[in-house]
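> Below are the sequence and a predicted model for it; my questions follow.
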Amino acid sequence: MMLDAGRGLEDRGTREGYIAYSRRKVGFLAACAVLLAVVALLSLGIGNDLSLSEIIHYIFHPDGSWDSAIVWDLGLRLILAAVCAGAALGLAGAVMQCILRNQLASPFTLGLSNAAAFGASIGIIMIDAGTIAGVTSSSLGVSGTALTTVLAFVFAMIATGIMLLMVKVTDCTPEMIVLAGMAISAIFSAGLSFFQYIASDTALSSIVYWQFGSLGKVTWDQLWLMGIALVLVAAYLIYKRWDLNAMEAGEDVARGLGVNVRRTRVLTLVLSAVLTAIVVSFTGVIGFIGLMGPHIVKRLIGEDNRYVIVGSMIMGALVLLVSYLVGQYAFYTVIPVGIITSAIGGPLFIAILLHGRIRRSPA
């Protein structure tokens, strides 16, 4: 009887410890979400003379006035673009790091961004030449922006297809997929440099500007598409959070728990790549958000994907929003957000490499 009582106390202590564990993580996510909402709301008042009450009024009661246009078209559109793009890239980075079991995996390091930039450069050069296979784009009813966006998306998916083909044909390891992604990135980077070399001055400036990454080019229609894709992909990945936890523990463990490792890896990689391709084709290259968001969250609340997936979305959105605000208002001229994220992400990338090296060094 005493033994049963002791077991009961132990079970109760374990249960209470788990509840406290969950509450800490949920509390952290809630605090980050509140902080994101506060920063987003306050940022609407930067650069104009509107009060907070006026901003809230125009958000819920747009009337077509100039102040309403400032709130919706010059403020809310860009802020929502930063939140959606940051959340999407953070989510994609978290999932890629999980299924590939590599802390350096992200849409940027796997070559999807460079592939999209390569496709966009083709579109820009075709527009500059004024023809598509001998026919002007205007006669086909194709706008220059649409052509650039579509080609950026197509080439990002081509890079994904190459990696998936390697998985299908060679059954390569997650480490090999990461290395293949870096090689793909180098190939498309070389092609991008070639197009920059042969481009005219006008096309070259457009290509370089596209590579910087900017939220200003995102329209409301594109924002809706980005948001719908984010919700659908996030809902599926949250549903599969236990499978992702099992895969992060190792392929043998995941198989032992009944997870179809190959199918899960391919499907989650495709969904992450599609989400990344949509974002990058609309915004241009915004690097390191998919690397920074997950790593910040993992350092603060651990590697449980039940919380990391949502946390990476919130943190990615927060980092990109703050980067946008810094680039928009901290300097005498507007700095594209892609430059700010790269300036932050580069040192973080080195820190991650050094941290892994130090951990492997003998005591």
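Alright, I've got the coordinates.
> Excluding chain neighbours, what is closest to residue 153?
The shortest distance from residue 153 to any non-neighbouring residue, by C-beta to C-beta, 6 or more residues apart in numbering, is to residue 281 (4.1 Å). For every residue, glycine as well, the C-beta is placed using N, CA and C.
> I figured that neighbour hits residue 117, correct?
No: contact status for residue 281 versus residue 117: not in contact, 10.1 Å apart, counting by C-beta atoms under 8 Å.
> overlap in contacts of those two?
residue 152 (C-beta atoms under 8 Å, 6 or more residues apart in numbering).
> Please identify the helix or strand for the residue positioned nearest the centre of the chain.
Computing the C-alpha centroid of the chain and ranking residues by C-alpha atoms, centre = their mean puts residue 89 first, at 0.6 Å. Here residue 89, judged by DSSP states H and E, is contained in helix 77-100.
> Would you tell me what the next helix or strand after that helix is?
helix 112-129.
> I'd like the mean pLDDT over the helix holding residue 89, please.
Mean per-residue pLDDT for helix 77-100: 90.
> hmm, back to that, give me the pLDDT value at the residue nearest to residue 153.
As predicted, residue 281 sits at a pLDDT of 85.
> centre of the chain versus the strand or helix carrying it, how much separation?
Using DSSP H and E, residue 281 sits within helix 261-283. For helix 261-283, the separation from the chain centroid amounts to 10 Å (computed by C-alpha atoms, centre = their mean, to the nearest Å).
> Might you report the residue contacts of the nearest residue to residue 52 once chain neighbours are set aside?
Of all residues not flanking residue 52 in the chain, residue 45 sits nearest, at 6.2 Å (C-beta to C-beta, 6+ apart). When contacts are counted by C-beta under 8 Å, 6+ apart, residue 45 touches 51, 52, 55.
> Please check the residues you listed and keep the buried ones.
Neighbour-count burial (16 or more other C-beta atoms under 10 Å) applied to the contacts of residue 45 gives residue 55.
> Show me the shaky parts of the stretch 151-300 of the chain.
167-174 (pLDDT under 70).
> buried ones in stretch 292-304?
Within stretch 292-304, judged by 16+ other C-beta under 10 Å, the buried ones are 292, 293, 294, 295, 296, 297, 298, 301, 303, 304.
> So what's the gap between that stretch and the chain middle?
15 Å.
> which outside residues touch that stretch?
With contacts defined as C-beta under 8 Å, 6+ apart, stretch 292-304 is touched by 24-25, 28-29, 86, 89-90, 93-94, 97, 103, 245, 248, 307-308, 311-313, 315-316, 319, 341, 344-345, 348, 352.
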